[in-house]
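Student: have a look at this prediction, sequence included:
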Amino acid sequence: MRIRQSFAASFLFFVPFLILSCEHAPKTDDLTETAMPNLVGLSLPEAKKLLDSIGVRVDLTFLDLNGFRFVIKDKNWKVVKQEPKAGVTIKENEIICLGLIKLEESTFLDLMNKCANEIRELQRLYSGQDDDGHVSESNSPAVTPAPQSTSAPTTTYITYSESEYNAASARMQTSRDEVLGHVFLQDRSSPSYVNENGFYIYVGTAQGYEPWLRVRVQYAGSNWIFWQKLTVNVDGVIFDINFRYSDVSRDNNGLKVWEWIDADPSEETLVMIGLISQSKETIIRLEGSEYQSDRILTSREKKAIANVLIVYDGLKTGRLKVKP
């Protein structure tokens, strides 16, 4: 069998790489069909070999999930996402999209697992929790390096208790995109409108796909900042995140102005979010060329981030389900 292939690139910052979208070739009843194999985790040569063995000719498209790179040597790449998903019936000339990264690179979920592990280890150092299972700020020490687990890889991933999942999910507010079929969950204490100050994360889900995270930063005030840089001080650890002017959305009503950004978390941002959720003090600075605005994140904002991380873990591991 011959696989026809092409290449597509994505800008990771704005397009959630946990969703791959492709138009499928027209299907007719007289075409050969089979079940789509599971290619995730295979090297690109292994994935191609498996596709060659299924007896159906397909059109193969690559999507570099970490940039705009071209696939020159197959052996340097591995599959971390696929569309259609495993088990779906595919027919002759089906378009198959493979999300690729280099062999030495980490996936978003790898980083999330590592970050969740660090968060959980920090929680174990704390002596008290409130009624919802969150750490009390009065008992929170300054962030210190998390102990390194010596368990086998199959046992190092963090799992939360049923009460923790239930407490976090009970605080979620759900919204739906009826056209695309996406469901979004955020803590009910997070802002519902763009004309409010806010720093929060939320989870997106869609049938047939793993859940994904988004980060939302909002500024509301009487004067424009035109911010292009976000600086975050998490218990003395500084994170600098730069944006293009066009990345930030802006609006006003004549009396008040607001600026906001809604984006996928980078690896650095993902680690930062995990640390913020259990921090003693987090200060954010929105900075433009001439003006800036500083704000200390509230206990409620940090708890909201922790809640969403728990819900994300529950959805990803199948311990929580989104109600239809």
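Tutor: Received, thanks. Numbering: from 1, shown residues only.

Student: every contact and neighbour count from this point should use C-alpha atoms.
Tutor: Fine.

Student: domain ranges for the chain?
Tutor: The chain breaks down into these domains under automatic domain parsing: 4-102, 108-317.

Student: hey, least reliable of those domains by pLDDT?
Tutor: Mean pLDDT is lowest for domain 4-102 out of those, coming in at a mean of 73.

Student: one step back: I'd like the domains of the chain written out as CSV, with mean neighbour count added.
Tutor: Conversion of the domains of the chain to CSV gives the following (neighbours: other C-alpha atoms under 10 Å):
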stretch, mean neighbour count
domain 4-102, 17
domain 108-317, 17
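
Student: which residues of the stretch 101-250 of the chain fall in strands?
Tutor: For the stretch 101-250 of the chain, the strands defined by DSSP state E, counting those that start in this stretch occupy 172-177, 182-187, 198-205, 212-221, 229-234, 237-242, 249-252.

Student: of these, which approaches residue 299 most closely?
Tutor: For residue 299, the closest of the strands of the stretch 101-250 of the chain is strand 198-205, at 11.8 Å, according to C-alpha to C-alpha.

Student: helices or strands up against the closest one?
Tutor: strand 182-187, strand 212-221, helix 299-317 (3 or more C-alpha pairs under 8 Å, 6 or more residues apart in numbering; DSSP states H and E).

Student: quick one: contacts of that strand?
Tutor: The set of residues external to strand 198-205 that reach it, using C-alpha atoms under 8 Å, 6 or more residues apart in numbering, is 182-187, 190-191, 211-219, 297, 301, 304-305, 308, 312.

Student: for stretch 86-93, same thing?
Tutor: Residues contacting stretch 86-93 (C-alpha under 8 Å, 6+ apart): 25, 27, 31-39, 56-59.

Student: I'd like to know how far the nearest residue to residue 205 once chain neighbours are set aside sits from residue 298.
Tutor: Leaving out its chain neighbours, the residue that sits closest to residue 205 by C-alpha to C-alpha, 6 or more residues apart in numbering is residue 211, at 4.6 Å. According to C-alpha to C-alpha, to the nearest Å, residue 211 stands 26 Å off from residue 298.

Student: same question for residue 265.
Tutor: 21 Å.

Student: can you check residue 78 too?
Tutor: For residue 78 relative to residue 298 (C-alpha to C-alpha), the value is 41 Å.

Student: same question for residue 191.
Tutor: In terms of C-alpha to C-alpha, residue 191 sits 13 Å off from residue 298.
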